[in-house]
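Trainee: Provided below are the primary sequence and the corresponding predicted coordinates.
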Amino acid sequence: MGIIIGIDPGSRITGWGIVKSHPERLEHLDHGCIRVEQPGHPERLWEIFSNLRQVVEQYSPDQAAVEEVFMGRNAASALKLGQARGSAMVACRFSGMPVAEYSARKVKQALAGNGAAGKEQVQHMVKVLLQLDGDIAEDAADALAVAICHAHSSGSPLGGAVARSYSRGRYRL
């Protein structure tokens, strides 16, 4: 499967995470957040696009996975989030790589075995599965979770190992 970039899009903070898929495990390569400070929305979209292009150029991922937009009560926020997501997807497609999309529920299911898992549970599983120490920004952890979900969902030799590794609130080695 190769190198996967996972993206958690946001109009203010966009998280990204890079993992490399090996036959029996995932390797963490890097992660980070794009904190958008521009005053205008078109400038924010450009900042997301250009910063993700730099990450893509640096790591040359083979595939991208992006979290889908959650439609809340505020339609204007959902539209802005969708536009940020579009900027992220175009940044990946610009390099010719395929882009997969996953709902938050699917990502949680893949990592914790429960589509209604909390943020803390997902962050914990990201740290355990990628053998990371220390704190990870929430948006970067979500992006790594999307990348892990893609590795799990796309027929890699990892198969269902990610979701099966978490049972009854405990991680099994």
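Mentor: Thanks, I have it.

Trainee: what's next to stretch 21-34, contact-wise?
Mentor: Residues outside stretch 21-34 that contact it (Cβ atoms under 8 Å, 6 or more residues apart in numbering) are 1-4, 13-20, 47-48, 51-52, 55, 59, 129-132, 136-137, 139-141, 143-144, 148, 151, 156-158. Where you see a C-beta, it was placed from the backbone N, CA and C, and this is true even at glycine.

Trainee: typed the wrong thing, it's stretch 117-133
Mentor: So stretch 117-133 is contacted by 19, 26-28, 107-109, 111-112, 114, 136, 138, 141-142, 144-145, 148, 162, 165-166, 171 (Cβ under 8 Å, 6+ apart).

Trainee: redo that, cut-off 6 Å
Mentor: His28, Lys108, Leu111, Ala112, Ala141, Leu144, Ala145, Tyr171 (Cβ atoms under 6 Å, 6 or more residues apart in numbering).

Trainee: sorry, back to before: in strands, which of the contacts of stretch 21-34 fall?
Mentor: Gly2, Ile3, Ile4, Ile13, Thr14, Gly15, Trp16, Gly17, Ile18, Val19, Lys20 (DSSP state E).

Trainee: backbone phi and psi for the residue lying closest to the first one once chain neighbours are set aside, please?
Mentor: With Cβ to Cβ, 6 or more residues apart in numbering as the criterion, Gly2 has its nearest non-adjacent residue at 3.6 Å, and that residue is Asp62. Geometry field for Asp62 lists phi and psi as phi -90, psi -30, criterion degrees, to the nearest 10.

Trainee: so Asp62 makes contact with Ile3?
Mentor: Yes. Using Cβ atoms under 6 Å, Asp62 is in contact with Ile3, at 5.4 Å.

Trainee: excluding residues flanking it in the chain, which one is nearest Asn51?
Mentor: Asn51 sits nearest to Ile34 (Cβ to Cβ, 6+ apart), 4.5 Å away.

Trainee: measure how buried that neighbour is and give me the count.
Mentor: Neighbour count for Ile34, taken as other Cβ atoms under 10 Å: 25.

Trainee: rewinding a little: tell me the pLDDT of the residue nearest to Gly2.
Mentor: If you check Asp62, the pLDDT there is 96.

Trainee: contacting residues around the residue nearest to the spatial centre of the chain?
Mentor: Centroid-nearest residue in the chain: Ala143, 2.3 Å away (criterion: Cα atoms, centre = their mean). Contacts for Ala143 (Cβ under 6 Å, 6+ apart) come out as Gly6, Ile7, Asp8, Gly15, Trp16, Gly17.
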